[in-house]
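S.K.: Below are the sequence and a predicted model; questions follow.
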Amino acid sequence: MPARATHRVRPPIRKAPFVVLTIFVLVWVAGVATGEPQRVLEQAWQVCLSCIGIG
């Protein structure tokens with residue numbers, strides 16, 4: 001008796017991870033465009049300087 005070919009059914013592609021990743025990238029780009037990384041680094045610099053008693 002010859003073996004019958006079995007076809008595997010692919011599971012549907014999940015869309016939620018792509019939507020979440022797209023939203024993350026958009027928010028990240030908006031933050032970089034408004035200069036947030038520079039502001040965060042300036043605040044971290046001030047906290048570090050005041051921690052060691054210089055600032």
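M.R.: Done, it's in.
S.K.: Poorly predicted segments of this structure, please.
M.R.: 1-3, 5, 55 (pLDDT under 70).
S.K.: Longest helix of it, counting residues only.
M.R.: helix 16-33 (DSSP state H).
S.K.: Is residue 7 in a helix, a strand, or coil?
M.R.: coil (DSSP: H, G, I helix; E, B strand; the rest coil).
S.K.: which residues touch it?
M.R.: Applying Cβ atoms under 8 Å, 6 or more residues apart in numbering to residue 7 gives no contacts. All C-beta spots, glycine's among them, are computed from the backbone N, C-alpha and C.
S.K.: how much space is there between it and residue 13?
M.R.: 18 Å (Cβ to Cβ, to the nearest Å).
S.K.: any idea which residue sits dead centre in the chain?
M.R.: residue 24 (5.1 Å; Cα atoms, centre = their mean).
S.K.: Quick one: work out the angle between the host helix or strand of residue 41 and helix 16-33.
M.R.: Using DSSP states H and E, residue 41 maps to helix 36-51. With axes from the mean of the first three to the mean of the last three Cα atoms, to 10 degrees applied, the angle from helix 36-51 to helix 16-33 works out at 70 degrees.
S.K.: Dump helix 36-51 to PDB, restricted to CA.
M.R.: Only the C-alpha atoms of helix 36-51 are listed here, as PDB (Å, rounded to 0.1, in the frame of the first residue of the first chain):
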ATOM      1  CA  GLU A  36      14.200  63.000  24.500                       C
ATOM      2  CA  PRO A  37      17.400  61.000  24.500                       C
ATOM      3  CA  GLN A  38      19.400  64.200  25.100                       C
ATOM      4  CA  ARG A  39      17.100  65.300  27.900                       C
ATOM      5  CA  VAL A  40      17.300  62.000  29.600                       C
ATOM      6  CA  LEU A  41      21.100  62.000  29.400                       C
ATOM      7  CA  GLU A  42      21.300  65.500  30.800                       C
ATOM      8  CA  GLN A  43      19.100  64.600  33.800                       C
ATOM      9  CA  ALA A  44      21.100  61.400  34.400                       C
ATOM     10  CA  TRP A  45      24.300  63.600  34.300                       C
ATOM     11  CA  GLN A  46      22.900  65.900  36.900                       C
ATOM     12  CA  VAL A  47      21.700  63.100  39.200                       C
ATOM     13  CA  CYS A  48      25.200  61.500  39.000                       C
ATOM     14  CA  LEU A  49      27.000  64.700  39.800                       C
ATOM     15  CA  SER A  50      24.700  65.500  42.700                       C
ATOM     16  CA  CYS A  51      25.200  61.900  44.100                       C
END
